[in-house]
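Enquirer: Build me a model:
(one chain, ligands or ions: 1)
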Amino acid sequence: MSTVGSKARSVAQIIDSVQAFEGAGFLVHRPFPTQLLSQVDPFLLLDEMGPMDLGPGEAKGAPDHPHRGFETVTYVLEGSMEHKDSAGNSGKLNPGDVQWMTAGAGVVHSEMPSEELLRDGGRMHGFQLWVNLPSVDKMMRPRYQDVSAATIPQAQTLDGSVWVRVIAGEALGSKAVIDTRTPIMYLHYILQPGSEVLHPVPPDYNAFAYSVEGQGLVGDDGDLVQRGQIALFAGDSDVVRLSVPSEATEPWNLLLLAGVPIGEPVVRYGPFAMNTEAEIRQAIEDYRAGRMGVIDF
Ligand code: FE2
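Expert: Have a look, this model is predicted:
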């Protein structure tokens, strides 16, 4: 696929994230769902956890809760988290690690600060992404992909001006190790001042950039995306353009996400995302009856 000389995707919207409190009360910046943006099919939610500096005993998490019908993807940048679930899995996420959990038919899990983060305090920063599942996969057996930072491909340009961590999809010749149910790109880019990325994204993918630190420009018109803002791309080209002016004083740290929309009705209720109201009622009933399991260790 050649993108030379072609126009980059135009920018449909740039929206501020909102602040919210999740779980037992930890701060998140949430680009969606909000009043302005309910989802970016196939993505149901993106939460930036923190960044926040916590004192000893202050760290909070999300104690035992269920999920059904989609996937939760946790990516830790700073600090560490511990998770446990009703299938007997447990593990710790350190900076750079990713847990891609396919809840499918249902799982109960807890997502808590690590013992040392709770005891000593420290900085917490990370992301949680919810990826919807197509109806054929909503009741699949739960699946886990715990991927350590060392296993996740990273790449950079020869001059070092662009760095990328490839969580899903492909960038700078590196392919992700995580397997997704539908075609997804999840890329963490850092662009130095004066650099530019032309990232191929087929027109049938919905795509957005979320600005984590610093600011940058998107599209051929160079629309500014500030920290905490999400830029939604139109599907009018097969390439996304990201750049940072050479006079910028800091690098631009962003997530680029894209996926083929599922295009099915979405009925959401808290931790469940199904196609119909009846399926949501069933999910609540199954959870209450203990059919999604319990964490008993
Ligand atoms: Fe969860």
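Enquirer: can you pull out the helices in the stretch 51-200 of the chain?
Expert: 115-120 (DSSP state H, counting those that start in this stretch).
Enquirer: quick one: the strands in it?
Expert: With strands called from DSSP state E, counting those that start in this stretch, the stretch 51-200 of the chain shows them at 62-67, 70-78, 81-85, 90-93, 98-102, 107-113, 122-132, 143-147, 154-156, 162-168, 170-171, 174-175, 184-191, 196-200.
Enquirer: which stretch among those strands comes nearest residue 273?
Expert: When the strands of the stretch 51-200 of the chain are compared by Cβ to Cβ, strand 70-78 sits nearest residue 273, at 4.6 Å. From N, CA and C alone the C-beta is placed, and that goes for glycine too.
Enquirer: can I get the strands of the stretch 51-200 of the chain in a markdown table with distance to residue 244?
Expert: Shown next, in a markdown table, are those (distance: least, Cβ to Cβ, whole Å):
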| stretch | distance to residue 244 |
| --- | --- |
| strand 62-67 | 34 |
| strand 70-78 | 19 |
| strand 81-85 | 30 |
| strand 90-93 | 29 |
| strand 98-102 | 25 |
| strand 107-113 | 33 |
| strand 122-132 | 21 |
| strand 143-147 | 28 |
| strand 154-156 | 15 |
| strand 162-168 | 10 |
| strand 170-171 | 17 |
| strand 174-175 | 21 |
| strand 184-191 | 5 |
| strand 196-200 | 8 |
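Enquirer: Would you mind saying which of those strands lies nearest residue 217?
Expert: Taking Cβ to Cβ, strand 196-200 is the member of the strands of the stretch 51-200 of the chain nearest to residue 217, at 8.9 Å.
Enquirer: any low-confidence regions in the stretch 151-297 of the chain?
Expert: Filtered on pLDDT under 70, the stretch 151-297 of the chain yields no residues whatsoever.
Enquirer: again, only this time at 90
Expert: 293-297 (pLDDT under 90).
Enquirer: before we move on, back to that, right, so of the strands of the stretch 51-200 of the chain, which gets closest to residue 16?
Expert: Smallest distance to residue 16 across those (Cβ to Cβ): 17.1 Å, for strand 122-132.
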